[in-house]
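> Please find the sequence and the predicted model below.
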Amino acid sequence: MTRAGDGNAFHVAIVGGGPVGLATAIELGLRGLNCVVIEQGDGRVGNAKFVDINMRTMEFCRRWGVAEEVRDRGFNRDYPQDLIYVTTLTGYLLGRQPFPPFARFRTPPTTPERIARCPQTIFDPILRRTAEALPSVRFRYETRCENVSQDGAGVTLQLADLANGRSETLRADYVACCQGASSTIREALGIALDGAGTLSMNANVVFRSEEFLRMHDKGPGFYTAIGPEGRWASVLAIDGGTLWRLQLTKPFESATLSTVEAAALIRRFMGQDFAFEVVSALVWSRREVVASSYRRDRVFLLGDAAHQLSPTGGFGLNTGIGDVTNLSWKLAAAIEGGAAPSYWVPTKPSAARSDCETSALQPAAGKTTKRSAARRARPSSRADPRAIAYARRCGRACKRSSTAPTAATTTDRGMKTPDCNSGIRTRTRP
Ligand SMILES: Cc1cc2nc3c(=O)[nH]c(=O)nc-3n(C[C@H](O)[C@H](O)[C@H](O)COP(=O)(O)OP(=O)(O)OC[C@H]3O[C@@H](n4cnc5c(N)ncnc54)[C@H](O)[C@@H]3O)c2cc1C
């Protein structure tokens, strides 16, 4: 075994300092294991990819002493979550489904925690600060892991310091590979990804606007716009204040989205121009793949390196946190007591099951949930006849769109089944 703690030798080298790598550092650091987080970036989080934290992840946040901060700092919990369907925000209201704010969500009897909204831009720094406070955890930012080789006694990692171009080696008993979707370690180990592959390309635009809510009369909520082509975009409150995320619900054809194009989409959603600033525009692929194996000898795959799930319903980060809490105590037992970590067996089949579950929440999967806003579409009889005709066309499109589950259904099946999106529930799905 490596003599952890001696200079460049560690019990566990964690490759990747995204949320899953940071959570791994906390879990191992709390157990007193010497570990190092190797991250090629500088630790700044540019884009809030995930926003929803399920109750199982919140239970772990409670163990890490950060549940309150995650719950309270990330989001205005009094912001209503009504599902609001519109032609545009300044156009017609097609339907409204009341939904309570996070503050009024009830805690289920089986857990002391509730789901929370905490954007990644807040969540990751909370985890980083928590990990940094643990004496056995080290960080190497702006350092890329170039190669990993194993022998009977441990793992050797080749690192490149991106700041000064120097190379160095590091030894560890085990490697937690938290490299995300494009994991080079997984590829080098020849571990294949099984599953349906890319389901669709999608685009998200985060924007800041002080006057967003003042610009329209629909009130606060989660908005979906229905155009002649059907449901085309939604806008979600990221912090319940001034930060918003527009998500295109139709597959996006292009590999990039410019700021000018993003701004045009935001204006279309509002139905007129207003003051806003585009914070980021992200094109991402909705995928359904799971690694054929989560482990090769001393190297373990966690998070998106192991599975990429369609995120709707809180899959992805929450599933990765399930991996972390599954593996960490077993690694500690292996290091301290010589037990063999049995990580692969319980987790992998359930991530595969999560794949089915989460894809079923997607329009592409064709599941029908007739809880349509269109049934309540009531354009005002005093409106311009051309506008009424437009709203009717949108209403028909809305009915077509209702083959997709509503956000309420998504919440029910995704966020309210935490063991599923945490990758813990192992019931096999036909
Ligand atoms: C639009 C969108 C919305 C989402 N919403 C949700 C949600 O609400 N809830 C949810 O649970 N999930 C959600 N997800 C999924 C979630 O974002 C991911 O599952 C999660 O971020 C994966 O975390 P990770 O740490 O495994 O990987 P990543 O976040 O990709 O982190 C990997 C890290 O490894 C580093 N790295 C890679 N290679 C190297 C190397 N060779 N050397 C050093 N460092 C390296 C990278 O720089 C990166 O920082 C969403 C995803 C998207 C795209």
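Sure, I can see it. These numbers come from a predicted model, not from an experiment.
> going forward, measure contacts between C-alpha atoms and count neighbours the same way
Noted.
> Pull up the residues of the protein that are close to the ligand.
15-21, 38-41, 49-53, 143-146, 178-181, 183, 284, 303-305, 311, 314-318 (Cα under 6 Å from any ligand atom).
> Filter the residues you listed down to the buried ones and hand me the PyMOL line.
Written as a PyMOL command, the selection of buried residues from the residues of the chain next to the ligand, which uses 16 or more other Cα atoms under 10 Å, is:
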select buried, resi 15+16+17+18+19+20+21+38+39+40+41+49+50+51+52+53+143+144+145+178+179+180+183+303+304+305+311+314+315+316+317+318
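> Mind checking which of the residues of the chain next to the ligand land in helices?
Among the residues of the chain next to the ligand, the ones falling in helices (DSSP state H) are 19-21, 317-318.
> Could you chop the protein up by domain?
Here the domain assignment for the chain is 9-74+120-192+292-362, 83-103+198-286+370-403, based on automatic domain parsing.
> Need the winner for burial among the ones you listed.
Each of these was scored by mean neighbour count; the highest is domain 9-74+120-192+292-362, a mean of 21, by mean count of other Cα atoms under 10 Å.
> before we move on, back to that, among the residues of the chain next to the ligand, which are located in strands?
Secondary structure from DSSP state E places 15, 38, 52-53, 143-146, 284 of these in strands.
> Turn the residues you listed into JSON lines, including pLDDT.
Shown next, in JSON lines, are these (pLDDT from 0 to 100):
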{"residue": "Val15", "pLDDT": "98"}
{"residue": "Ile38", "pLDDT": "98"}
{"residue": "Asp52", "pLDDT": "91"}
{"residue": "Ile53", "pLDDT": "94"}
{"residue": "Thr143", "pLDDT": "98"}
{"residue": "Arg144", "pLDDT": "98"}
{"residue": "Cys145", "pLDDT": "98"}
{"residue": "Glu146", "pLDDT": "97"}
{"residue": "Trp284", "pLDDT": "90"}
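> Pull the distance from the strand or helix carrying Glu69 to the chain's centre.
Applying DSSP states H and E as the criterion places Glu69 in helix 67-73. Centroid separation for helix 67-73 versus its chain: 17 Å, with Cα atoms, centre = their mean, to the nearest Å.
> Which neighbouring residues are in contact with Ile53, exactly?
Residues in contact with Ile53 (Cα atoms under 8 Å, 6 or more residues apart in numbering) are 115-118, 314, 318.
> how about a cut-off of 6 Å?
115-117 (Cα atoms under 6 Å, 6 or more residues apart in numbering).
> so Cys35 touches Pro135, yeah?
No. The pair Cys35 / Pro135 is not scored as a contact, 9.9 Å apart, by Cα atoms under 6 Å.
> Now for the two: what residues contact both?
Counting by Cα under 6 Å, 6+ apart, no residue touches both Cys35 and Pro135.
> low-confidence ranges in the stretch 251-400 of the chain?
340-400 (pLDDT under 70).
> mind listing the strands for it?
In the stretch 251-400 of the chain, the segments counted as strands under DSSP state E, counting those that start in this stretch are 277-291, 295-296, 299-301, 307-308.
> Between the two ends of stretch 158-177, what distance do you get?
14 Å (Cα to Cα, to the nearest Å).
> before we move on, back to that, which one of the domains of the chain lies nearest to Pro109?
If you check each of those against Pro109 by Cα to Cα, domain 9-74+120-192+292-362 wins as the nearest, at 11.8 Å.
> tell me the mean pLDDT for stretch 103-119?
Per-residue pLDDT over stretch 103-119 has a mean of 89.
> In that stretch, which residues are buried?
Residues 113-119 are the ones in stretch 103-119 that count as buried (16+ other Cα under 10 Å).
> so of these, which ones are in strands?
Secondary structure assignment (DSSP E) places 116-117 from the buried residues of stretch 103-119 within strands.
> Contact partners for Gln86?
One correction, residue 86 is Val, not Gln. Neighbouring residues of Val86 by Cα under 6 Å, 6+ apart: 92-94, 225.
> Now it. Nearest residue, chain neighbours left out?
With sequence-adjacent residues excluded and distances taken as Cα to Cα, 6 or more residues apart in numbering, Val86 is closest to Leu93, at 4.5 Å.
> Find me the pLDDT at that neighbour, would you?
Leu93 carries a pLDDT value of 97.
> ok, now the one 5 residues further on?
At Pro98 the predicted local distance difference test score is 94.
> Got the phi and psi for the closest residue to it other than its chain neighbours?
Nearest residue to Pro98, sequence neighbours excluded (Cα to Cα, 6+ apart): Asp82, at 4.4 Å. The phi/psi pair for Asp82 (degrees, to the nearest 10) reads phi -50, psi 140.
> Is it correct that Asp82 is in contact with Pro101?
No. Here Asp82 lies out of contact with Pro101, judged by Cα under 6 Å, at a distance of 8.1 Å.
> show me the residues around the residue minimising distance to the centre of the chain that make contact.
When Cα atoms, centre = their mean is applied to the chain, the residue found nearest the centroid is Phe50 (3.4 Å). Listed by Cα under 6 Å, 6+ apart, the contact set of Phe50 reads 119-120.
> at 8 Å what do you get?
Per Cα under 8 Å, 6+ apart, neighbours of Phe50: 119-120, 314, 317.
> ok, now Ile84?
Neighbour list for Ile84: 93-97, 218, 221-224 [criterion: Cα under 8 Å, 6+ apart].
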